[in-house]
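> Build me a structure from this.
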Amino acid sequence: MNSLYNKLFKNGLSIKNIDISPLNDIAAQLPASGFIDLNIAERCLVLTLEAQNFCQEKIVQLDRLIGSLESEKNKAWSNAALTKAKAEGYKTAKDKEWFAQSDDDYIAACNELVLAKATKKWFENKVSYFSGWHYALKTFLKRDYVIENSSNIGYNSVDAVSGSLPSRDEDEVVASSDDIPWE
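Reported below is the predicted structural model:
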């Protein structure tokens, strides 16, 4: 069963095991030289949507991970302030607070949380990057279709779609090979 719960609450989700190779593959397929034709634009338009979808899915999973890491950070601080500080002989609340802030488990939990937030920001920036490409490609295609439709030639023109050929006026003079002086 493919449920939303299984999609969002992946057990064992870690920053270390997020595979970003699909994004790298898509970014490599975008035109680097600035040369874009109709086929490239249509293909890349779909790719940018796939990349945005991939990033948005990871952002939601990272939000869930950030919530979990915040809980772990709070738990590490509480454990350090209430249990470890007491065992070390600290008696005042301020001493326990200072001890907790310098506890290795608390610092590790804070670092994991910051890494998850930075990763989420990275994916948000990638969404913006691919969204910009998507807009540029869509604008290019719209402009290209307008030019093609206004020129009355090509596959999207009225004549090409209807299959009619240009007609000849009856008054038009048709030259034959006899009218040309062949010397």
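> Grab the longest helix from the chain for me.
Scanning the chain for the longest helix, with DSSP state H as the assignment, gives helix 104-150.
> Quick one: list the elements packing against that one.
Secondary-structure packing of helix 104-150 (3 or more CB pairs under 8 Å, 6 or more residues apart in numbering; DSSP states H and E): helix 38-79. Bear in mind the C-beta positions are built from the backbone N, C-alpha and C, glycine included.
> Toward the C-terminus, what is the element adjacent to the helix it packs on?
helix 85-88 (DSSP states H and E).
> Output the lowest mean pLDDT helix or strand found in this structure.
helix 158-162 (a mean of 50; mean pLDDT, DSSP states H and E).
> angle of the longest helix of the chain against helix 38-79?
160 degrees (axes from the mean of the first three to the mean of the last three CA atoms, to 10 degrees).
> what about Pro31, which SS state?
Three-state assignment for Pro31 (DSSP: H, G, I helix; E, B strand; the rest coil): coil.
> any low-confidence regions in this protein?
By pLDDT under 70, the low-scoring segments of the chain are 1-12, 145-183.
> Now do Ser21 against Ala51, distance only.
12 Å (CB to CB, to the nearest Å).
> Repeat that for Phe99.
For Phe99, the distance to Ala51 - CB to CB - is 46 Å.
> Looking at those two, which one has more neighbours?
Comparing Phe99 with Ala51 by other CB atoms under 10 Å, the one with more neighbours is Ala51, at 26 against 18.
> residues in contact with the nearest residue to Glu88 once chain neighbours are set aside?
Using CB to CB, 6 or more residues apart in numbering and skipping the chain neighbours, the partner closest in space to Glu88 is Phe99 (6.5 Å). Phe99 makes contact with 80-81, 84-85, 88, 90, according to CB atoms under 8 Å, 6 or more residues apart in numbering.
> I am finished for the moment; much appreciated.
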